[in-house]
Structure formats: structure tokens, C-alpha cells
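Participant: give me the fold of what follows.
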Amino acid sequence: MVFYTFFYALTIAFLLALLITGLTKDKGPWNNFWALFLVLSLIIWVASLWIAPVGPMWNGIAWLDLLVIGIVITLLLAATGEAKKHSSTYRTKEGEVDLVAESKKDTTAIALFGVFFWLFVGTLVVLLVVGLTNYF
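Facilitator: Have a look, this model is predicted:
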């Protein structure tokens, strides 16, 4: 049972890491695919140990729960990576100070209005509604 959980966590983390690096051309907040894969796989595996299985089972493992946890964490990491990517400073000879100040001011706006941030928030709201409807 533990082997299957570990295998599912590794598989889901690998697929999600490939998906996020392929879509954004960014390798996560650490700029390293293997660090992103390691963090995702550990989070998914630990969550499988702490969260009661709810979804459909395959080989005794609630694989849908692991997938949903992986997607939520991947969206969170993509949102932070998107903010980090746009927070870099651009310097030119004409307006060095203005461009640096503008890029620092825009970091919060990019983090709040980035696509992955809103996907993350929307996913959390949907999960909350589904969880509450199953609770009552």
C-alpha cells in the first residue's frame, strides 16, 4: 500500500512538474526542475498520509485526492514563480531609477492579477464548495 502511494505521488508530481515547466517555460520558484519535482512529490506523499481518502480508489489508493492536492500546490508554486519572474529589474542608461522603481511597484500587481494566481484561488473556491456540499 505504501509503495503504491509513493509511486502515485512520484508519477503525479512528475507529470505536474512537466506540465508547469512546459506551459510557463519556468522551472518553479527555485529555477530547477528537480527541486520542483522533489517538493511536489513530498507534499503529495505527506498529504496522502494525513488526509482521509475520499475519491475513487485504484489499488487501494485514492488517486484523485493526490491529483487534486498536486494541482493546488502546483498552481500555488506557479503563481509565486510568475510574480518572481516579473519582479526582475531592468536597467538602461536613460531611466535606470524609474524602471527599477516601476518593476518593484508592479510585482504585487502581477502577483495579484496573474493567471496562475486566479487559477489557484478559483480552484480553492471550487474545492471549498464541493467540500462543503459533501459535509452538509
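
Participant: show me where the protein has strands.
Facilitator: Counting by DSSP state E, the chain has these strands, from start to end: 57-58, 61-62.

Participant: which stretch among the ones you listed is buried most, on average?
Facilitator: Sort the strands of the chain by mean neighbour count, taking mean count of other Cβ atoms under 10 Å, and strand 61-62 sits at the top with a mean of 20. Using the backbone N, CA and C atoms, a C-beta is placed for each residue, glycine as well.

Participant: the bottom helix or strand of the chain by mean pLDDT?
Facilitator: helix 96-113 (a mean of 53; mean pLDDT, DSSP states H and E).

Participant: if we can go back for a sec, so which of the strands of the chain gets nearest Phe7?
Facilitator: Among the strands of the chain, the nearest to Phe7 by Cβ to Cβ is strand 61-62 (8.8 Å).

Participant: quick one: average pLDDT of the closest one?
Facilitator: Mean pLDDT, strand 61-62: 80.

Participant: ok, that strand: who's next to it in the sheet?
Facilitator: According to DSSP bridges, strand 61-62 forms sheet pairs with strand 57-58 (antiparallel).

Participant: one step back: now distance to Val126 too, for the strands of the chain, in a markdown table please.
Facilitator: Listed next are the strands of the chain as a markdown table, based on distance: least, Cβ to Cβ, whole Å:
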| stretch | distance to Val126 |
| --- | --- |
| strand 57-58 | 22 |
| strand 61-62 | 18 |
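
Participant: list just the one of those that sits closest to Ala35.
Facilitator: Ala35 lies closest, by Cβ to Cβ, to one member of the strands of the chain: strand 61-62, at 25.4 Å.

Participant: run through who's touching the closest one.
Facilitator: Met1, Tyr4, Thr5, Tyr8, Ser48, Pro53, Val54, Gly55, Pro56 (Cβ atoms under 8 Å, 6 or more residues apart in numbering).
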